[in-house]
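In: for reference, the sequence and a predicted model appear below.
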Amino acid sequence: MSHPGSAIVYESWGQRVVFGSGTARKDVAAEVTGLGARRVLVIAADGERALAEDICEDLPVVSVFGGVRPHVPAEVAEAVRAAAREHAADLLLSVGGGSTTGTAKAAALTTGLPVLAVPTTYAGSEATPVWGLTEGGHKRTGVDAKVLPRVVVYDATLMLSLPTRLSVTSGLNALAHCVDAWWAPRHNPISSALAVEGVRSLASSLPRIVADGQDVAARRDVLFGTYLGAVAFAGAGSGLHHKVCHVLGGAYDLEHAALHSVVLPHVVGLNLPAAPEAARQLAAALGVPDDPFGALLDLYESLQPPHSLSELGLAEAELDRATDLVMAQVPDSNPRRVTRDEMHALLGRACRGDTPTPVPLLPGKEHPDD
């Protein structure tokens, strides 16, 4: 892909990644040794403590922090930092989903301790230098190399007990990383190529998981797509979809993965008419000659994720406030100028669970610079 007359800037992030199946305990032990860690603070939610203790049975664990909460409230961040100081930890080892990884990142942000992440969902946070903290109903995010896990150990068999609904919503969260990379502030040909392959892998393997949750090969393929999407997101930055989800998640404490799965097709319907290159890439990833938006909706139909923000807890009476909060975060890089009315209508459709639709462009309003 050539871009005559324009510079291409891509920043990569250094990280060691280990893919395996049924090898988590062995792989984690080897990586802890490689990092030279002697005092490991394990971070795992209560529901995954037994799994974490099994994986870390032979490690020099000084304590297990279990106070994980979605969207990483500021008080949780301070508590995990205090635990790291109290036990003089030299490594943070997270075992769990995006909230668990995010909690480890919050500790790394101020302590500078390395993180070893063992994901148990498809959140993708383990492969990005993005951190997030929620305080007073407002979620702040940032980028810092200190929070990028030094090592990630993936094990497809750790996902076999993941319920179908969470497998689907978490997988669609990974898909959102890919799609948002096509119009994020630092979008570039490298991230876009990773995103295409990520969508291709996720779209082909998620229906296989719905059909058979014990399909290890499908689980491995979803992990592969998850990683590619997260790396694409790390390189391109946070686009409109993630801005919407971060705002709503922080303000209303909505379920993270389900929130992403509900919002994504509505944002795609808004942006795709103004983003022909993204439409071409989505079509290539989904293996269709045209109508990539229709193909995305077909994928949704096969997966049956949650379809409305109201079922996640957002009241329609909050739409005016939610719209104002989101409009303050719309990226300048978005492929079309987004009016308040358009965003209010988008959130209304997502709240009610209306079928996502393409939003036609008004003449002369194709791009924010017009």
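Out: Great, that's in hand. Numbers count the residues shown, from 1 in each chain.
In: next, count neighbours for residue 182.
Out: 27 (other Cβ atoms under 10 Å). (Each C-beta comes from the backbone N, C-alpha and C, glycine too.)
In: for stretch 53-73, the distance to its chain's centre please.
Out: What separates the centre of stretch 53-73 from the centre of its chain is 21 Å, taken as Cα atoms, centre = their mean, to the nearest Å.
In: end to end on that stretch, go ahead and measure it.
Out: Start-to-end span of stretch 53-73 (Cα to Cα, to the nearest Å) is 25 Å.
In: for that stretch, buried residues please.
Out: 55-56, 59, 61-62, 64-65, 68, 70-73 (16 or more other Cβ atoms under 10 Å).
In: next one: stretch 348-368
Out: Within stretch 348-368, judged by 16+ other Cβ under 10 Å, the buried ones are 348-351, 356, 359.
In: so what are the domain limits for the chain?
Out: By the assignment in automatic domain parsing, the chain contains the domains 16-159, 164-352.
In: can you put the ones you listed in TSV and add mean pLDDT and distance to residue 7?
Out: Shown next, in TSV, are the domains of the chain (pLDDT from 0 to 100; distance: least, Cβ to Cβ, whole Å):
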stretch	mean pLDDT	distance to residue 7
domain 16-159	96	20
domain 164-352	97	10
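In: ok, which of the ones you listed comes nearest residue 10?
Out: Closest to residue 10 of those is domain 164-352 (Cβ to Cβ; 4.5 Å).
In: now do the same end-to-end measure for the closest one.
Out: 23 Å.
In: any idea how far it is from the chain center?
Out: 9 Å.
In: re the thing from before, turn the buried residues of stretch 53-73 into JSON lines, columns for distance to residue 154.
Out: Listed next are these as JSON lines, based on distance: Cβ to Cβ, whole Å:
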{"residue": "55", "distance to residue 154": "13"}
{"residue": "56", "distance to residue 154": "16"}
{"residue": "59", "distance to residue 154": "18"}
{"residue": "61", "distance to residue 154": "21"}
{"residue": "62", "distance to residue 154": "25"}
{"residue": "64", "distance to residue 154": "21"}
{"residue": "65", "distance to residue 154": "22"}
{"residue": "68", "distance to residue 154": "20"}
{"residue": "70", "distance to residue 154": "22"}
{"residue": "71", "distance to residue 154": "24"}
{"residue": "72", "distance to residue 154": "22"}
{"residue": "73", "distance to residue 154": "27"}
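In: just the closest of those residues to residue 135, please.
Out: Out of the buried residues of stretch 53-73, the member with the shortest distance to residue 135 (by Cβ to Cβ) is residue 73, at 7.0 Å.
In: contacting residues for the nearest residue to that closest one once chain neighbours are set aside?
Out: Leaving aside its sequence neighbours, residue 73 sits nearest to residue 134 (Cβ to Cβ, 6 or more residues apart in numbering; 5.2 Å). Neighbour list for residue 134: 71-74, 140, 249-250 [criterion: Cβ atoms under 8 Å, 6 or more residues apart in numbering].
In: a markdown table please, covering the buried residues of stretch 348-368 and showing secondary structure and distance to residue 187.
Out: Shown next, in a markdown table, are the buried residues of stretch 348-368 (DSSP: H, G, I helix; E, B strand; the rest coil; distance: Cβ to Cβ, whole Å):
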| residue | secondary structure | distance to residue 187 |
| --- | --- | --- |
| 348 | helix | 28 |
| 349 | helix | 25 |
| 350 | helix | 23 |
| 351 | helix | 28 |
| 356 | coil | 22 |
| 359 | coil | 20 |
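In: of these, which is the nearest to residue 115?
Out: residue 350 (32.9 Å).
In: sorry, back to before: check the buried residues of stretch 348-368 and tell me the two furthest apart.
Out: Counting by Cβ to Cβ, the most remote pair of these is 351 and 359, 16.1 Å apart.
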